[in-house]
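Enquirer: predicted model and sequence follow; I will ask about them next.
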Amino acid sequence: MGNPSPLSIWQGKNVRLRAMEPADWEPYFDWNSDDEMARRAYFIPFPQSQEAMKRFAERESTQAPEDDNFRFVVENNQGEVVGDVTVNHCDPRAGTLKWGVATKLEHRCKGYASESLILVMRYYFQELRYQKITIDIYSFNEESVKLHEKLGFQLEGRIRRTVYTKGQYFDELMYGITKEEFLEKYGDLTF
């Protein structure tokens, strides 16, 4: 796995975004064993076998992007998988999308998620002509709230008591950022 040219739009200072490879099943298997990471992403799933994760990684590694939806594997400069960004709900007509972001516990607060999300925003805003990103964050996920606010996302709404975990209900927070807000904060980050 050679390092890409520093001129690659997928390369930041500390991370590289890439497609999933079949060998990536191991970090994803480990993540599924991390209840807190799973809870923050969606919910705690039933246990999965190593074979099921191998098949998942194989399937994801050969799947072509569909309607601009894509799973980016985030790798640090040492070539270690540190997280992922999954872009979904892409609507090219309206120019809107959503995403989910996950970072392994031992790699949080090192700037990997911020840098990855800036790379993704730059690509979707400046190459694919999207104009807005909207995300949903569970109210107990304070790290994600801080991350997105730091990136320039604005709180746009709250839906009360839509998530159930840890024996209680939590709110869902909606955050958004427009292309203009991104450009105001980061400038014209052309490649």
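Expert: That came through, no problem.
Enquirer: give me the residue ranges of this structure where confidence is low.
Expert: Applying pLDDT under 70 to the chain picks out residues 1-7, 189-191.
Enquirer: K132 versus F43, what's the distance?
Expert: If you measure F43 against K132 using C-beta to C-beta, to the nearest Å, the figure is 26 Å. Every C-beta, even on glycine, is put in place using the N, C-alpha and C of the backbone.
Enquirer: so those two - more neighbours on which side?
Expert: Shown here are F43 and K132; by other C-beta atoms under 10 Å, K132 has more neighbours (19 against 10).
Enquirer: so who does the more buried one touch?
Expert: With contact set as C-beta atoms under 8 Å, 6 or more residues apart in numbering, K132 has these partners: 95-97, 176-179.
Enquirer: quick one: the helices in this structure, in order.
Expert: Listed from the start of the chain, the chain has helices (DSSP state H) covering 25-32, 35-41, 50-62, 112-126, 142-151, 179-186.
Enquirer: next, format these as CSV and append mean neighbour count and distance to V74.
Expert: Putting the helices of the chain into CSV (neighbours: other C-beta atoms under 10 Å; distance: least, C-beta to C-beta, whole Å) gives the following:
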stretch, mean neighbour count, distance to V74
helix 25-32, 17, 10
helix 35-41, 16, 14
helix 50-62, 15, 14
helix 112-126, 21, 5
helix 142-151, 16, 13
helix 179-186, 15, 19
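Enquirer: and M53, how far from D30?
Expert: Using C-beta to C-beta, M53 is found at 9 Å from D30.
Enquirer: over to E181?
Expert: Taken as C-beta to C-beta, the span from E181 to D30 is 35 Å.
Enquirer: before we move on, what about Q48?
Expert: 11 Å.
Enquirer: redo the helices of the chain as a markdown table? Include distance to W10.
Expert: What follows is these, written out as a markdown table (distance: least, C-beta to C-beta, whole Å):
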| stretch | distance to W10 |
| --- | --- |
| helix 25-32 | 18 |
| helix 35-41 | 22 |
| helix 50-62 | 16 |
| helix 112-126 | 7 |
| helix 142-151 | 18 |
| helix 179-186 | 17 |
